[in-house]
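Peer 1: Here is a sequence together with a model predicted from it:
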Amino acid sequence: MDYFGAIDQGTTSTRFIVYDEEHKQVAQHQIEIKQYLNQPGYVEHNPEEIWKSVVECVNGVSKNFDMSLLSSIGITNQRETTLAWRKSTGEHLHNAIVWQDTRTQDICDEIQTFTELKDEFDKTGLPIATYFSLSKIIWLIRNVDEVKHALSEDDLCFGTIDSWLLFKLTGKHQTDITNASRTLLYDLHNLEWNKLILEQFDIPEHTLPTIKPSLSTFAKESSLFGNVPITAVLGDQQASLFGHKGFNQGSVKNTYGTGCFMLCNTGDKLVVSNNGLLTTVAYQIENQSPVFALEGSVAFAGASVQWLRDNLGLIKKSSDVEKLALEVKDNGDVYFVPAFSGLFSPHWDSSARGTVVGLSRYSNKSHIARAVLESVAYQTDELLRSLELDVGEKENKLLVDGGMVDNNLLMQFQSDISSLQIQAPNIKEVTAFGAGLASYVYIKKTELKDIPSTKSSQNWNTNMSIESRNMYISKWNKAIEKARNWI
Ligand SMILES: Nc1ncnc2c1ncn2[C@@H]1O[C@H](COP(=O)(O)OP(=O)(O)OP(=O)(O)O)[C@@H](O)[C@H]1O
Ligand SMILES: [Mg+2]
């Protein structure tokens with residue numbers, strides 16, 4: 001039996017998981033990551049803690065699994081989160097600025113004023129927003145003395161989390177094309193860093209990593225894995241699409257984790273959205289052209305449930321939200337918009353902030369719990385509608401994964417509100433699995449069409465009248481209007 005492993009360095013936790021060649025999970029270890037929320041809008045991670053969590057997860061698995069049996073390793077990671085370190089010493093120069101962080105709004109407003117760069121930014125496939133890496137890099141250069149010094153001494157590396165982990169593992173400064181496509185610096189047409197944008201913001205190209213295909217040799221040997229090669233790197237959402245075996249044009253998946261991310265494989269076509277979606281790279285196999293995707297990104301999904309737990313103290317653990325929500329028969333006309341970091345797809349409104357509307361003297365905490373869960377479904381539905389408009393086809397099936405899939409109330413409501421069948425695969429941790437699978441596919445030179453498709457473990461079918469659906473959605477649309485233009 002062959003085995004492959006995957007590091008999944010996420011926003012809230014790190015995992016190391018081993019699967020066998022029949023795609024069964026055989027070992028895993030997971031550790032939570034500390035969130036540094038020191039000012040409104042600030043979200044940081046400590047890079048050394050991230051690296052230590054990876055080491056600890058790998059060591060945890062090695063207690064129960066003989067690591068010499070591994071054929072290959074894949075890495076998948078929270079995307080866009082950006083950090084800087086010294087090339088000569090590997091010393092990080094500031095905490096990592098997480099994708100949800102909104103401190104760079106002023107920088108984004110400034111970037112918008114360079115109208116002569118509009119065509120260049122269009123080539124990145126992304127709107128100008130705090131979400132992506134560029135404004136975080138500019139912030140680090142302008143605000144951190146250590147970064148300025150390292151820059152003047154030609155001893156600086158910028159990178160996303162994949163690059164940081166690869167540097168720690170191998171001493172080389174590399175990234176993969178999917179992670180590069182989230183920086184607002186990557187030209188999807190010419191497949192390289194965009195020199196005009198770099199020049200405009202005084203970012204020397206040598207501070208950025210070398211970009212490689214997602215399925216290629218990142219390391220023949222490394223500090224943690226010895227001679228087991230690292231042969232795949234993918235951003236977490238792209239890894240999830242790969243794990244769902246979304247290799248065909250038109251495959252769509254939605255992951256319900258910290259945020260919600262819907263990706264649709266568009267094959268070799270770079271589809272430009274007119275409806276608030278992003279254009280991004282799905283994956284690239286060495287010596288082949290990249291496969292592209294349309295993406296809808298929602299910043300807050302499962303994280304709103306954590307907010308109910310940690311900030312309001314309404315529940316003890318995330319899974320308790322379902323029981324609390326089921327204590328009432330419906331939302332009691334309460335709507336919750338989790339615009340904590342503004343709104344991402346399809347609205348791209350950085351001035352929006354979170355709101356609860358429709359409260360009456362009758363409302364209780366169960367209505368709020370229900371409104372939180374429903375907000376995830378409404379936001380996903382908005383992504384589906386945008387996707388349908390962009391690709392000109394109605395989806396009738398949605399593949400799902402992520403921690404919130406355990407929430408039956410949410411999955412059924414999603415199926416009802418979006419009028420489609422929802423399918424969860426019988427694979428655990430699709431994100432980690434996708435990265436591991438990609439690494440194994442690469443070393444085995446497997447054709448993607450020869451990979452058996454996954455059986456679903458659970459389906460949800462739609463069961464709601466059109467009148468109810470329309471009522472819920474029109475109320476949601478009103479709630480969104482209340483959340484917008486707050487700042
Ligand atoms: N039964 C549940 N009902 C509702 N939400 C849940 C449930 N179980 C987990 N969650 C939420 O799902 C999220 C965890 O899902 P998952 O492990 O897929 O996250 P993730 O996105 O992979 O994390 P990371 O951002 O670290 O990658 C948490 O935000 C948690 O609040
Ligand atoms: Mg994840």
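Peer 2: Here it is on my side, so go on. Ligands and ions are numbered 1, 2, ... in the order given.

Peer 1: Just name the shakiest helix or strand of the protein by mean pLDDT.
Peer 2: Within the chain, confidence by mean pLDDT, DSSP states H and E is lowest for strand 456-460 among all helices and strands, at a mean of 89.

Peer 1: And stretch 75-85, end to end?
Peer 2: Stretch 75-85 has an end-to-end distance of 20 Å (C-alpha to C-alpha, to the nearest Å).

Peer 1: Buried residues, the longest helix that the chain contains. List them.
Peer 2: Assignment by DSSP state H gives helix 365-391 as the longest helix of the chain. Using 16 or more other C-beta atoms under 10 Å as the test for burial, helix 365-391 gives 366-387, 390-391. The C-beta positions use only the backbone N, C-alpha and C, and glycine is treated the same way.

Peer 1: So what does the spatially closest residue to residue 101 that is not a sequence neighbour look like in phi/psi?
Peer 2: Leaving aside its sequence neighbours, residue 101 sits nearest to residue 43 (C-beta to C-beta, 6 or more residues apart in numbering; 4.4 Å). Dihedral pair for residue 43: phi -140, psi 120, per degrees, to the nearest 10.

Peer 1: pLDDT score for residue 43?
Peer 2: For residue 43, the pLDDT comes out at 94.

Peer 1: wouldn't it be in contact with residue 12 here?
Peer 2: No: with contact defined as C-beta atoms under 8 Å, residue 43 does not count as touching residue 12 (11.1 Å).

Peer 1: who's more crowded, those two?
Peer 2: residue 43 (22 against 16; other C-beta atoms under 10 Å).

Peer 1: Could you list which residues are in contact with that one?
Peer 2: By C-beta atoms under 8 Å, 6 or more residues apart in numbering, the contact list for residue 43 reads 35-37, 97-101.

Peer 1: Now, of the residues you listed, which are buried?
Peer 2: By 16+ other C-beta under 10 Å, the contacts of residue 43 give 36, 97-101 as buried.

Peer 1: how about the residues you listed in a markdown table, adding pLDDT, distance to ligand 2 and secondary structure?
Peer 2: Below are the buried ones among the contacts of residue 43 laid out as a markdown table (pLDDT from 0 to 100; distance: C-beta to the ion, whole Å; DSSP: H, G, I helix; E, B strand; the rest coil):
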| residue | pLDDT | distance to ligand 2 | secondary structure |
| --- | --- | --- | --- |
| 36 | 95 | 19 | strand |
| 97 | 97 | 19 | strand |
| 98 | 96 | 13 | coil |
| 99 | 94 | 12 | coil |
| 100 | 91 | 14 | coil |
| 101 | 93 | 18 | coil |
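
Peer 1: Most widely separated two among those residues?
Peer 2: Greatest spacing in those, by C-beta to C-beta: 36 and 99 (14.0 Å).

Peer 1: in what helix or strand does residue 49 lie?
Peer 2: Element membership of residue 49, judged by DSSP states H and E, is helix 47-62.

Peer 1: The next helix or strand after that helix close to ligand 1?
Peer 2: Sequence-wise, the next helix or strand downstream of helix 47-62 (DSSP H and E) is strand 70-77. No: Strand 70-77 does not reach ligand 1 (C-beta under 6 Å from any ligand atom); its nearest approach is 8.8 Å.

Peer 1: so what secondary structure elements neighbour strand 70-77?
Peer 2: strand 3-9, helix 161-170, strand 230-235, helix 236-243, helix 430-444 (3 or more C-beta pairs under 8 Å, 6 or more residues apart in numbering; DSSP states H and E).

Peer 1: so the first one versus strand 70-77, what angle?
Peer 2: In this case it means strand 3-9. Here strand 3-9 runs at an angle of 20 degrees relative to strand 70-77 (axes from the mean of the first three to the mean of the last three C-alpha atoms, to 10 degrees).

Peer 1: what does the next helix or strand after strand 3-9 contact?
Peer 2: Downstream of strand 3-9, the first helix or strand assigned by DSSP H and E is strand 13-20. Surrounding strand 13-20, the residues in contact under the criterion C-beta under 8 Å, 6+ apart are 1-8, 25-33, 50, 53-54, 57-58, 60-61, 65, 70, 428-429, 432-433, 436-437.

Peer 1: Could you give the average pLDDT over strand 13-20?
Peer 2: The average pLDDT within strand 13-20 is 96.

Peer 1: That one and ligand 1, any residue contact?
Peer 2: Yes: residues of strand 13-20 are located near ligand 1 by C-beta under 6 Å from any ligand atom, namely residue 13.

Peer 1: Can you give me the separation between the closest residue to residue 23 other than its chain neighbours and residue 400?
Peer 2: Of all residues not flanking residue 23 in the chain, residue 427 sits nearest, at 6.1 Å (C-beta to C-beta, 6+ apart). Residue 427 is 12 Å from residue 400, where distance means C-beta to C-beta, to the nearest Å.

Peer 1: ok, and the closest non-adjacent residue to the closest residue to ligand 2 within the chain?
Peer 2: Ligand 2 sits closest to residue 10 of the chain, with a gap of 3.7 Å, by C-beta to the ion. Excluding the flanking residues, the one nearest residue 10 by C-beta to C-beta, 6+ apart is residue 78, at 5.4 Å.

Peer 1: And the helix holding residue 49, how far out from the chain middle?
Peer 2: 20 Å (C-alpha atoms, centre = their mean, to the nearest Å).

Peer 1: can you check stretch 80-89 too?
Peer 2: Remark: stretch 80-89 is offset 20 Å from the chain centroid, using C-alpha atoms, centre = their mean.

Peer 1: Spell out which parts of the stretch 201-350 of the chain neighbour ligand 2.
Peer 2: 236, 257 (C-beta under 5 Å from the ion).

Peer 1: Please, where are all the strands along the stretch 201-350 of the chain?
Peer 2: Along the stretch 201-350 of the chain, counting by DSSP state E, counting those that start in this stretch, strands occupy 210-212, 215-219, 230-235, 252-256, 260-267, 278-283, 291-298, 335-337.

Peer 1: Distance from the last one to the middle of the chain?
Peer 2: Just to be clear, that refers to strand 335-337. 22 Å.

Peer 1: This completes my enquiry, with thanks.
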